[in-house]
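[1] From the sequence below, what's the structure:
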Amino acid sequence: MRIVEEGIGVLSEYGAIPISFEVKTKLDVQVLNGGLGGVIFSEQTLTIPYVKDYDGLNGEGPARWAKRWDIRNWTVLSAFVDDRRVGGCAIAFDTKGVTMLEDRNDLAVLWDLRVHPDFRRTGIGERLFGAAAAWATNRGCRYLKVETQNNNVPACRFYAKQGCVLGALNRFAYEEFPDEVELIWYKELR
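    Below you'll find the predicted structure:
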């Protein structure tokens, strides 16, 4: 497996890698005393699992990013096995109007990470995350930021394993998905 920096010109090919996943469990978020008493996360098994596909949402997906933002400072790192594209990640950096970047130039956002279902749990995601952290470090970033949701428990575990810490949660982030909680992770870069 090799990882190649390709830049944003490959978003169509990159977007062909499925990002959908089956939701079997979710992290239930219990806020104690209005938040003053802390937060408790507990994993709950769903009675009826479902498939979540972020690319299928209106206005989402790699092919639409350039219509919403100036992505000239973004990059795509792609993972190949032989000549087959099996995964990749998109990194946002130094882009006005992208609120996830907090108007900071010492922060990069791991905007998207995807691995083809046939290659998940083989270490490709870990290698891509490491390459994204190195890319951000080389641009002087102190942090790599990632957004997940409470219905993507494998992603939460993955980012925690990569050394990310939970920096924020927003129970009201998604008007169209009121049962989902936004979780923001930060990886301190050295």
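
[2] what are the ranges of the strands in this structure?
    Remark: strands assigned in the chain by DSSP state E are 2-5, 21-31, 39-52, 75-81, 84-93, 107-115, 143-149, 165-170, 182-188.

[3] Spit out the contact partners of the residue most central in space within the chain.
    For the chain, the residue nearest the mean C-alpha position is D112 (4.4 Å; C-alpha atoms, centre = their mean). Residues near D112 by C-beta atoms under 8 Å, 6 or more residues apart in numbering: I19, P62, C89, A90. C-beta: built from backbone N, CA, C; applies to glycine.

[4] again with L27
    With contact taken as C-beta under 8 Å, 6+ apart, L27 is in contact with F41, S42, E43, Q44, N150, N151, V153, C156, V181, L183.

[5] Kindly reformat those as CSV containing pLDDT, neighbour count and distance to D106.
    Shown next, in CSV, are the contacts of L27 (pLDDT from 0 to 100; neighbours: other C-beta atoms under 10 Å; distance: C-beta to C-beta, whole Å):
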residue, pLDDT, neighbour count, distance to D106
F41, 97, 17, 29
S42, 98, 9, 34
E43, 98, 12, 34
Q44, 98, 12, 37
N150, 98, 21, 28
N151, 98, 20, 30
V153, 98, 19, 30
C156, 98, 22, 25
V181, 98, 22, 27
L183, 98, 24, 22
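
[6] So which of these is the closest to T95?
    Taking C-beta to C-beta as the measure, T95 lies nearest L183 of the contacts of L27, at 21.8 Å.

[7] Enumerate the positions of the lowest-mean-pLDDT helix or strand in the chain that are buried.
    Every helix and strand in the chain was compared by mean pLDDT, DSSP states H and E; the lowest is helix 62-68, with a mean of 91. Within helix 62-68, the residues that count as buried by 16 or more other C-beta atoms under 10 Å are P62, W65.

[8] helices or strands up against it?
    If you count contacts as 3 or more C-beta pairs under 8 Å, 6 or more residues apart in numbering; DSSP states H and E, helix 62-68 packs onto helix 11-15.
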